[in-house]
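Undergrad: Test case, fold it:
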Amino acid sequence: MRIRTLAVATAALAAVATSVGVASAATTKGFPATARIVVRPVTASGQVRAGFTVTGQPNQQVDCSFRDPSPAAVSPNIEFCSPSAEYAVACWKAALPHRVLCMRDPRTDHLVRIPRIGAFAPTPVAPAAQRAPLVMKLLDGDFCSIRSGGAGGSLLGHPNLFITYYCVHAGAVWAAMTPRHEGVNESRPSWTVQTARPGQHTLVTRHVVKAWFVGTA
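TA: Numbers count the residues shown, from 1 in each chain. Model prediction:
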């Protein structure tokens, strides 16, 4: 399992209206069905769609030469690039040579352009069991972002659980090694996660009201 780090942005911002699709808002046992939002900021030719902004990071570098699909991708050729410190969790091959366009927070209209080392590997969509949101909004208003790397904490009494998402207030989402959907329980229309703060031992089940994914326009 890849180890993941906290996403940079934590403010709750709406995704660009022209680039998203949302699932129905049916309810299950009193909880609303999770709304699945797909943001499509980049075209198949590597061009940024109108309405999105780009910031260049010329002093950074990423390697996308291995076939490692972003778990949040609903389209092929969206990579999870390394190193983890760059938080390159969803990257497209840019039209500009030797560059990638990466979305770190799909709640915003912002991308970063990063120099690329080596080739950009043709990458399929991840197997269904490995797909997971880039960012989630929980029922209590908290936001959780997929982990990219780095050292994670431990959970007292649960030595076999690992952090898969970091949350603004709830600490983290915890799951067993190589979990389905990065520990997001999608077995019912209202998805759930298990959260706790590192160093604690009590897991709390929380419902996911929105889940952000990315795709190619």
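
Undergrad: Could you export stretch 130-143 as CSV, CA atoms only?
TA: Extracted in CSV, the C-alpha atoms of stretch 130-143 (Å, rounded to 0.1, in the frame of the first residue of the first chain):
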residue,chain,number,x,y,z
GLN,A,130,-8.7,0.2,-5.5
ARG,A,131,-10.6,3.3,-6.5
ALA,A,132,-11.2,5.9,-3.8
PRO,A,133,-12.0,9.6,-3.5
LEU,A,134,-9.3,12.3,-3.6
VAL,A,135,-11.2,14.3,-1.0
MET,A,136,-14.2,13.5,1.1
LYS,A,137,-16.7,15.7,3.1
LEU,A,138,-18.1,14.0,6.2
LEU,A,139,-21.6,14.5,7.5
ASP,A,140,-20.3,16.7,10.4
GLY,A,141,-18.7,19.1,7.8
ASP,A,142,-15.1,17.8,8.2
PHE,A,143,-12.9,17.2,5.2
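
Undergrad: Counting neighbours, which bits of it end up buried?
TA: Neighbour counts using 16 or more other C-beta atoms under 10 Å place R131, A132, P133, L134, V135, M136, K137, L138, D142, F143 of stretch 130-143 among the buried residues. C-beta here means a position set from N, CA and C on the backbone, and glycine is covered the same way.

Undergrad: out of all of them, which strand in the protein is the longest?
TA: strand 204-216 (DSSP state E).

Undergrad: tell me the mean pLDDT for that strand?
TA: The pLDDT scores in strand 204-216 average 98.

Undergrad: Which strands or helices does that strand pack on?
TA: Contact here means 3 or more C-beta pairs under 8 Å, 6 or more residues apart in numbering; DSSP states H and E; on that basis strand 204-216 packs against strand 31-32, strand 35-42, strand 135-138, strand 192-196.

Undergrad: Mind doing that once more with 10 Å?
TA: strand 31-32, strand 35-42, strand 91-93, strand 135-138, strand 143-146, strand 192-196 (3 or more C-beta pairs under 10 Å, 6 or more residues apart in numbering; DSSP states H and E).

Undergrad: wait, which of those is closest to S75?
TA: strand 35-42 (7.9 Å; C-beta to C-beta).

Undergrad: Using CSV, write out every CA atom in the closest one.
TA: Output of strand 35-42 as CSV, limited to C-alpha atoms (Å, rounded to 0.1, in the frame of the first residue of the first chain):
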residue,chain,number,x,y,z
ALA,A,35,-22.7,12.4,-3.7
ARG,A,36,-19.9,11.4,-6.1
ILE,A,37,-18.4,14.5,-7.9
VAL,A,38,-16.1,14.2,-10.9
VAL,A,39,-13.9,17.2,-11.7
ARG,A,40,-12.5,17.2,-15.2
PRO,A,41,-9.9,20.0,-15.4
VAL,A,42,-7.6,18.7,-18.2
